[in-house]
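> Predicted model and sequence follow; I will ask about them next.
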Number of protein chains: 2
Amino acid sequence: MTKQPPVTARIRNIAELARLAGVSAGTVSRALAGKSLVNSETRERIQALAREHGFRPNQMARRLRVQETKVIGVVVPLGHERRQHLSDPFFMTILGHLADALTEDGYDIMLSRVIPDADDWLERIADSGMLDGVLLIGQSNQFDAIERVASWYRPLVVWGSHRPGQIHCTVGVDNRKGGQLAGECLIGAGRKRLAFLGETIAPELAERYQGLCDAAAASGLPAPLKLDTHLASDIMADEIAAHIDRIGKQVDGIAAGSDLIAMHAVRALADRGISVPGDVSVTGFDDLPLAEQTIPRLTTISQSIAAGARAMVDALFARAAGQDTPSVEMEPVLVRRDTA
Amino acid sequence: MTKQPPVTARIRNIAELARLAGVSAGTVSRALAGKSLVNSETRERIQALAREHGFRPNQMARRLRVQETKVIGVVVPLGHERRQHLSDPFFMTILGHLADALTEDGYDIMLSRVIPDADDWLERIADSGMLDGVLLIGQSNQFDAIERVASWYRPLVVWGSHRPGQIHCTVGVDNRKGGQLAGECLIGAGRKRLAFLGETIAPELAERYQGLCDAAAASGLPAPLKLDTHLASDIMADEIAAHIDRIGKQVDGIAAGSDLIAMHAVRALADRGISVPGDVSVTGFDDLPLAEQTIPRLTTISQSIAAGARAMVDALFARAAGQDTPSVEMEPVLVRRDTA
DNA sequence: GCAGATGTAACAATCGATTGCAACGACAAT
DNA sequence: ATTGTCGTTGCAATCGATTGTTACATCTGC
């Protein structure tokens, strides 16, 4: 029992504590901050008094004065996909790693799931005065909005893909290369009738599809089928099932746009008695922790999410300190497991 | 292109905009807030000016003044399990639902992953002046700390189990009943040599084990084996594999403490050529979305996480409004799928 | 015994927006 | 012509902590 509930009336600000201690507010502030300008004896007396009354200075006021919040915004723009849920496993995974990296450095995280209907959604976040920086997970279809803000707001780092000449700093994987790896893996397994599963409005997914096309073209195969699906997991399952029913035996190799999509596909195939990888090969993308736990385990393209999160945080701090950081593009790696 | 980058010097506060508009700061504040006290003509003039310069009032200052932050803290205490990761799927799932519920009501989320080494961790969060309320995910081994804070801090709701007489408001499932359902399911499938997989330091898991014991006792079976495992997913896999190797054929029914544990167990069994549910039946707990996507799909105890999240948010707002809310204990439901 | 150095603490300005109250002009009513 | 009302706007206090500057007392050295 070191900390009691307040015995006397609650102390609400530094001024009250100052009166109680018989000193001025400024002195209390310095004492609680452990500054050397106050006599160590009075400092300890004040600290003891604060502890006794369970007093802690108001962070909002401190942050207003100091103009530094120690809060980083983590934002998911859901531009093209309003029904996508925050509980999307990819987002959750990267969020977990970001949280680890940021809390380690003493930062808190403000989470926003934004549906960018007002076109100044990002301005509003960047300019709120509540944040020391912003991490954006995914570009969605908001490339222009991001560029606009990046032109004046420095501490902004985006998970996504880098277009030549863009202003904003991204961290991501070479999606096209990744798609190509997936294609080569399928083709290497003797598959010739390929399909891409996932919608290509978001640039990341579009590039993965491009890469798949590259691989097909390099082997003289026709352009793979493109099967759209939404990202909200409840609709996704049905859509994927419908696709599988429709394409029937036309396809023997599926490159999925994400691990989640791949899982649904494997599940739908299994439900229909189609063997994976016997009849159809499937690759995922992301290499989420759960890709290893499914049965059969997913063959997938690894994004090294932990390293990516670390890179985002490092870049953010560098930019906040005034440096200019280049975008980071990580190498995708094919992880061969059971589905292809 | 409705919003330009600031053409002229950036406007940093209401006073500057006021000077520019030739009015006082107070008027600008009212105009931007859309209050009816200002002439609609001047109001629109000011709003246009603000838009043109991309000015947005500083939220930190506003919140300090108004004493309302529109931010809710979502906190995971990792008391007994420092290595547990934020990306734990259960936490991520409930966080997703909380985010949906809170953003719907215009609240932002401040995420904290706390390792409660300083014993006033929760005091510090509650008292920071940054939050309108706190949602705690899991009690960990911090029951006393939570009780202490709940005695004076009203807007606090905890996901976890309710002990008779406790002060703090919890939302959760009847864990003991859930454990019992799992046990009955296993016993109903003819299993007689039961085990519980999961560590029982956290009260939730301990109660699930109790329920399992209840079911065993009711059928005249000996008390189920208790196999501890950590919650950090990297260690967990190895620990579970080791358990499986050790117990061999001693056990034919496993009640896992969570879906994640169950998935690892199924995976480990499959790797050893043990058939599920042929040789061994397995049940999970939580009914995460991914429980349905594994192959075989998990038989599990459903917690109805979405409803729970909603209940937490409702209770929080009610408490913030001064009402007293009872703890909510939801009924667990057995979801029969493929593993038992 | 006095000038100067040193250690403490008080004072007051500041961060930026909000809001109760006062003031002012225009207009209507008497 | 005077009083009253209404619609607007300005003034200044406030939220709570931080910090540069100033003021005072004590101590040192000559």
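Done, it's in.
> just the helices in the stretch 101-250 of chain A please.
A:121-126, A:143-150, A:175-188, A:203-218, A:233-247 (DSSP state H, counting those that start in this stretch).
> dump the residue contacts of the most centrally placed residue in chain A.
Ranked by distance to the mean C-alpha position of chain A (Cα atoms, centre = their mean), the top residue is residue A:137 at 4.0 Å. Residues counted as contacts of residue A:137 (Cβ atoms under 8 Å, 6 or more residues apart in numbering or on different chains) are A:74-76, A:91, A:94-95, A:159. C-beta here means a position set from N, CA and C on the backbone, and glycine is covered the same way.
> Mind listing what's buried along the strand or helix carrying residue A:28?
Per DSSP states H and E: residue A:28 is located in helix A:25-32. Neighbour counts over helix A:25-32 (16 or more other Cβ atoms under 10 Å in any protein chain shown) mark A:27-32 as buried.
> okay, the helices of the stretch 101-250 of chain A in a markdown table with distance to DNA strand D next?
Below are those laid out as a markdown table (distance: least, Cβ to the nearest atom of the strand, whole Å):
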| stretch | distance to DNA strand D |
| --- | --- |
| helix A:121-126 | 21 |
| helix A:143-150 | 27 |
| helix A:175-188 | 44 |
| helix A:203-218 | 42 |
| helix A:233-247 | 43 |
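> most tightly surrounded among those?
Mean neighbour count (mean count of other Cβ atoms under 10 Å in any protein chain shown) peaks for helix A:175-188 among those, with a mean of 24.
> before we move on, back to that, check which helices and strands the helix holding residue A:28 sits against.
With contacts taken as 3 or more Cβ pairs under 8 Å, 6 or more residues apart in numbering or on different chains; DSSP states H and E, helix A:25-32 sits against helix A:14-21, helix A:40-52.
> Of all those helices, which one is nearest residue B:68?
The closest of the helices and strands packed on helix A:25-32 to residue B:68 is helix A:14-21. By Cβ to Cβ, the value is 20.7 Å.
> give me every residue that touches the closest residue to residue A:330 other than its chain neighbours.
Excluding the flanking residues, the one nearest residue A:330 by Cβ to Cβ, 6 or more residues apart in numbering or on different chains is residue A:173, at 4.8 Å. Counting by Cβ under 8 Å, 6+ apart, residue A:173 touches A:301, A:303-304, A:308, A:329-332.
> In TSV: the helices of the stretch 101-250 of chain A, plus mean pLDDT and distance to chain B.
Shown next, in TSV, are the helices of the stretch 101-250 of chain A (pLDDT from 0 to 100; distance: least, Cβ to the nearest Cβ, whole Å):
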stretch	mean pLDDT	distance to chain B
helix A:121-126	90	6
helix A:143-150	93	7
helix A:175-188	96	20
helix A:203-218	94	20
helix A:233-247	85	6
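> closest to residue A:37 out of those?
helix A:121-126 (35.9 Å).
> Which residues does that closest one contact?
By Cβ under 8 Å, 6+ apart, helix A:121-126 touches A:73, A:75, A:77, A:112, A:114, A:116, A:118, A:131, A:134, A:136, A:142, A:145-146, A:148-149, A:153, A:156, B:3, B:54, B:56.
> Any of those buried? List them.
Using 16+ other Cβ under 10 Å, the buried members of those are A:73, A:75, A:77, A:112, A:114, A:116, A:131, A:134, A:136, A:142, A:145-146, A:148-149, A:153, A:156, B:54, B:56.
> quick one on the thing from earlier: make TSV out of the helices and strands packed on helix A:25-32 and add mean pLDDT and mean neighbour count.
Formatted as TSV, these follow (pLDDT from 0 to 100; neighbours: other Cβ atoms under 10 Å in any protein chain shown):
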stretch	mean pLDDT	mean neighbour count
helix A:14-21	92	18
helix A:40-52	91	15
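> In the stretch 151-300 of chain A, which residue sits closest to DNA strand D?
DNA strand D sits closest to residue A:155 of the stretch 151-300 of chain A, with a gap of 19.8 Å, by Cβ to the nearest atom of the strand.
> list the contacts for that residue?
The contact partners of residue A:155, taken as Cβ under 8 Å, 6+ apart, are A:132-134, A:316, A:319-320.
> Let me see the confidence value for the residue in the stretch 151-300 of chain A positioned nearest to DNA strand C.
Nearest to DNA strand C in the stretch 151-300 of chain A, going by Cβ to the nearest atom of the strand, is residue A:153, at a distance of 15.4 Å. At residue A:153, the predicted lDDT confidence score is 91.
> same question, the one 3 residues further on
For residue A:156, the pLDDT comes out at 96.
> got a list of what it touches?
Residue A:156 touches A:126, A:133-136, A:146, A:149-150, A:168-169, A:316, A:319, counting by Cβ under 8 Å, 6+ apart.
> Format those as TSV; extra columns: distance to residue B:187.
Output for those, formatted as TSV (distance: Cβ to Cβ, whole Å):
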residue	distance to residue B:187
A:126	58
A:133	55
A:134	53
A:135	49
A:136	51
A:146	57
A:149	60
A:150	61
A:168	58
A:169	58
A:316	54
A:319	59
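> Tabulate those (JSON lines), appending distance to DNA strand C.
As requested, those are exported to JSON lines (distance: Cβ to the nearest atom of the strand, whole Å):
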{"residue": "A:126", "distance to DNA strand C": "14"}
{"residue": "A:133", "distance to DNA strand C": "17"}
{"residue": "A:134", "distance to DNA strand C": "18"}
{"residue": "A:135", "distance to DNA strand C": "23"}
{"residue": "A:136", "distance to DNA strand C": "24"}
{"residue": "A:146", "distance to DNA strand C": "24"}
{"residue": "A:149", "distance to DNA strand C": "18"}
{"residue": "A:150", "distance to DNA strand C": "22"}
{"residue": "A:168", "distance to DNA strand C": "25"}
{"residue": "A:169", "distance to DNA strand C": "25"}
{"residue": "A:316", "distance to DNA strand C": "22"}
{"residue": "A:319", "distance to DNA strand C": "20"}
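> from memory residue A:209 sits against residue A:202, does it?
No: here residue A:209 lies out of contact with residue A:202, judged by Cβ atoms under 8 Å, at a distance of 10.8 Å.
> Tell me how many other residues surround residue A:93.
25 (other Cβ atoms under 10 Å in any protein chain shown).
> With residue A:234 as the reference, measure out to it.
20 Å (Cβ to Cβ, to the nearest Å).
> quick revisit: return the closest of the buried residues of helix A:25-32 with respect to DNA strand D.
The closest of the buried residues of helix A:25-32, once distances to DNA strand D are taken by Cβ to the nearest atom of the strand, is residue A:29, at 3.4 Å.
> Go through the contacts of residue A:155 and name the one nearest residue B:230.
Nearest to residue B:230 among the contacts of residue A:155, with distances taken as Cβ to Cβ, is residue A:316, at 31.2 Å.
> Residue A:246 versus the residue in the stretch 101-250 of chain A positioned nearest to DNA strand C, what's the distance?
Nearest residue of the stretch 101-250 of chain A to DNA strand C: residue A:129, at 6.6 Å (Cβ to the nearest atom of the strand). As for residue A:129, its distance to residue A:246 is 51 Å (criterion: Cβ to Cβ).
> How about the residues of chain A by DNA strand D?
Residues of chain A lying close to DNA strand D by Cβ under 7 Å from any atom of the strand are A:12-15, A:25-26, A:29-30, A:32-33, A:57-58, A:61-62, A:64-66.
> got the residues of the stretch 201-340 of chain A near chain B?
Residues of the stretch 201-340 of chain A that fall close to chain B, judged by Cβ under 8 Å from any Cβ of the partner chain: A:233, A:263-264, A:266-267, A:270, A:289-290, A:293-296.
> which pair in those residues spans the largest distance?
So, those by Cβ to Cβ: farthest apart are A:270 and A:289, at 21.1 Å.
> So which of the two has more stuff around it?
Between residue A:270 and residue A:289, counted using other Cβ under 10 Å, residue A:289 has the larger neighbour count: 20 against 16.
> Residue A:64 contacts residue B:62, correct?
No: checked against Cβ under 8 Å, the pair residue A:64 and residue B:62 is beyond contact range at 9.8 Å.
> Lovely, talk soon.
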